[in-house]
Structures are given as structure tokens and as C-alpha cells.
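Asker: sequence first, then the predicted structure, then my questions.
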Amino acid sequence: MTTPHATPLALALAAARTERRLHAYSVAEAPGDPYFVQAEVAGLTGTRVAGWKTGFGPDRDRTPIAGPIFAADLLENGGAYRLAPGEQVLVEVELAVRLARDLPVGQAYSIDDVLAASSEMLVGIELIGTRYANPDSAPFAARLADNLNNGAYVTGEGVPASAALSRTGLPMRLWIDGALVADQPGVHPDGDPLIGAAAWASAQADRLGGLRAGQVITTGSLNTPAPVSRAARIEAELGGLGRVRLEIVC
């Protein structure tokens with residue numbers, strides 16, 4: 001770590017990442033600008049941004065928000081994620097797009113614009129995870145600073161972004177250790193999963209360079225998040241897109 005004047009929260013989150021441990025959050029670490037902390041952690045850990053998770057904040061105005069997915073946390077299909085001691089993750093099946101070109105800041109983007117800038121739509125698994133040992137004590141701004149609770153993301157099979165595919169109510173199944181734990185239409189709270197991606201593209205407020213070609217943008221859970229705190233084999237299927245697999249190890 002080579003940034004001696006980084007904020008205390010950034011130093012703590014970077015240490016938690018590099019040492020694979022959980023950090024006890026303190027109110028004294030409350031972030032001023034969560035996006036500034038995200039960028040500090042990226043600098044402290046020497047990582048690059050490989051993707052983004054997008055959505056809306058808890059405020060009444062539904063402010064678009066995003067958390068970076070660091071390159072070390074973006075896993076290929078069938079990859080493995082190692083739990084930190086005492087860690088529990090939530091398994092979410094999600095729809096994502098992979099950008100073929102940049103989406104520059106300062107423009108208004110529709111869902112069609114996002115799709116036109118993308119090479120593929122794919123199924124993914126997000127592991128909702130936190131670097132905090134006491135996440136219930138961390139305010140929303142601190143969770144946003146912690147990459148919006150992104151523990152890892154696994155990219156699965158996909159189709160061209162131009163494919164004529166309904167994105168609402170896709171058949172979705174999730175298995176944990178071979179046991180079917182969800183078998184239902186994949187329903188997103190916003191209807192079309194890409195609503196939040198287009199809103200964030202239009203509002204981009206990060207400090208990490210914005211939405212760039214090659215990055216994956218994921219859009220939020222299509223299932224009730226499934227908690228896992230042990231070694232497990234995870235597999236999911238999203239109709240029309242394909243399958244995604246993951247090993248969770250201890």
C-alpha cells in the first residue's frame with residue numbers, strides 16, 4: 001500500500017481485501033464520498049475495474065448507484081471463490097451485459113443504447129459479500145464504499161446483445177450442491193433488469209474512469225438471495241442465456 005494519506009476507511013477495506021479478513025466498522029470511518037473511497041481502495045490494492053454492479057439507492061429519489069467489480073473478483077465460468085474466515089455470502093442469479101465500446105460520461109442513455117454498445121448478454125452469479133465483520137452497523141454509504149457489497153462475480157454463458165430475447169420473467173433455476181433451491185421466473189424489481197444499467201450510464205459519478213469497453217455490467221438479483229457460509233457447488237440457469245457454475249471453497 002503506497003498511499004499514506006488515504007482515508008481510514010479505504011486503508012481498512014484495502015487491508016481486509018489483501019489479508020482476506022473481515023474488518024470491524026467504526027462510525028469514525030464514515031465515508032464522505034463513497035466513490036472516492038472505492039477509487040482509493042483500487043489504488044491501494046493495485047487493481048483495475050473489470051465491471052460494475054448497478055442499481056438504485058435507498059433514497060426516495062432512487063438515485064442511480066454503482067459499485068466496481070475489481071478484476072480479482074471477476075471469475076470465469078466454473079471458477080472458485082474462497083471464503084474468508086467467518087464470511088457468509090449471498091448467491092444471486094443475475095443478467096449482465098459485456099460492453100463492446102465505452103459509454104462516455106455526460107450523455108443520456110436508454111436501454112437500447114446500452115444494448116447497442118454491448119457485445120453480449122450473459123447469465124452471471126453475484127456473491128454478495130462484505131469486508132465488514134459488523135455489516136448491520138455500517139450505514140449505506142459505507143456499504144457503497146465497499147463496492148456496493150460485491151464479494152465476487154462469475155460470468156456464465158450468453159448470447160449476442162442483439163438477440164431478440166425478452167428480459168422479463170426468464171425461466172431461472174439455481175442449484176446448491178445439486179439440490180434445486182429455486183425454480184421460477186427470474187423477476188427483477190424494476191421489471192427490465194437493464195433499467196438500472198441505463199440510469200447509471202446516464203448519471204455516472206464514479207472516480208474510476210466510467211463504463212469502458214470490455215467491462216461487465218450486472219443488474220441485480222433475479223432470485224431471493226441464498227446464503228452460503230461453507231464449501232459448496234453452485235450452478236444456475238437462465239432461460240435463453242445458458243448456465244453459470246461456481247465453486248465456493250474454504
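Answerer: Arrived safely.

Asker: A helix includes residue 126, no?
Answerer: No. Inclusion of residue 126 in a helix is not indicated when DSSP: H, G, I helix; E, B strand; the rest coil is applied; the result is strand.

Asker: isn't it right next to residue 94, touching?
Answerer: Yes. The pair formed by residue 126 and residue 94 meets the contact definition of CB atoms under 8 Å, at 5.4 Å. Using the backbone N, CA and C atoms, a C-beta is placed for each residue, glycine as well.

Asker: which neighbours do the two have in common?
Answerer: The contact sets of residue 126 and residue 94 overlap at 218, 221 (CB atoms under 8 Å, 6 or more residues apart in numbering).

Asker: is residue 109 in a helix, a strand, or coil?
Answerer: Classification of residue 109 using three-state DSSP returns coil.

Asker: okay, now it: neighbour count?
Answerer: Burial of residue 109 is recorded as 20 neighbouring residues (other CB atoms under 10 Å).

Asker: wait, it touches residue 198, no?
Answerer: Yes. Counting by CB under 8 Å, residue 198 is a contact partner of residue 109 at 5.2 Å.

Asker: how about stretch 12-29: buried residues?
Answerer: Of the residues in stretch 12-29, 12, 13, 14, 15, 16, 17, 22, 23, 25, 29 count as buried by neighbour count, 16 or more other CB atoms under 10 Å.

Asker: residue nearest the centroid of this structure?
Answerer: residue 53 (3.8 Å; CA atoms, centre = their mean).

Asker: so where do the helices sit in the protein?
Answerer: Defined through DSSP state H, the helices belonging to the chain, from first to last, are 8-19, 34-45, 111-116, 140-145, 195-203.

Asker: ok, and what's touching the third one?
Answerer: Counting by CB under 8 Å, 6+ apart, helix 111-116 makes contact with 97, 103, 121, 161, 162, 192, 194, 195, 197, 198, 201, 217, all of which sit outside it.

Asker: 10 Å instead?
Answerer: Residues lying outside helix 111-116 but in contact with it, judged by CB atoms under 10 Å, 6 or more residues apart in numbering, are 54, 97, 99-101, 103, 107, 109-110, 121, 160-163, 167, 192-195, 197-202, 211, 217, 219.

Asker: hey, what's in contact with both of residue 109 and residue 198?
Answerer: When contacts are counted by CB under 10 Å, 6+ apart, the set common to residue 109 and residue 198 consists of residue 103.

Asker: stretch 49-59: which residues count as buried?
Answerer: Residues of stretch 49-59 classed as buried: 49, 50, 51, 52, 53, 54, 55, 56 (neighbour count, 16+ other CB under 10 Å).

Asker: stretch 177-186 now?
Answerer: Applying a neighbour-count criterion of 16+ other CB under 10 Å, one finds 182, 186 buried in stretch 177-186.

Asker: for that stretch, the distance to its chain's centre please.
Answerer: In this view, stretch 177-186 has its centroid 21 Å away from the chain centroid, taken as CA atoms, centre = their mean, to the nearest Å.

Asker: next one: stretch 191-205
Answerer: Computed by CA atoms, centre = their mean, the separation of stretch 191-205 from the middle of its chain amounts to 14 Å.

Asker: could you give the number of residues near the residue nearest to residue 126 when sequence neighbours are not counted?
Answerer: Setting aside the residues directly before and after it, residue 126 is nearest to residue 92 in space (CB to CB, 6 or more residues apart in numbering), at 4.6 Å. Residues lying near residue 92 (other CB under 10 Å) number 22.

Asker: OK, contacts around residue 92?
Answerer: When the contact criterion is CB under 10 Å, 6+ apart, the partners of residue 92 are 53, 124-128, 153, 174, 218, 220-226, 236.
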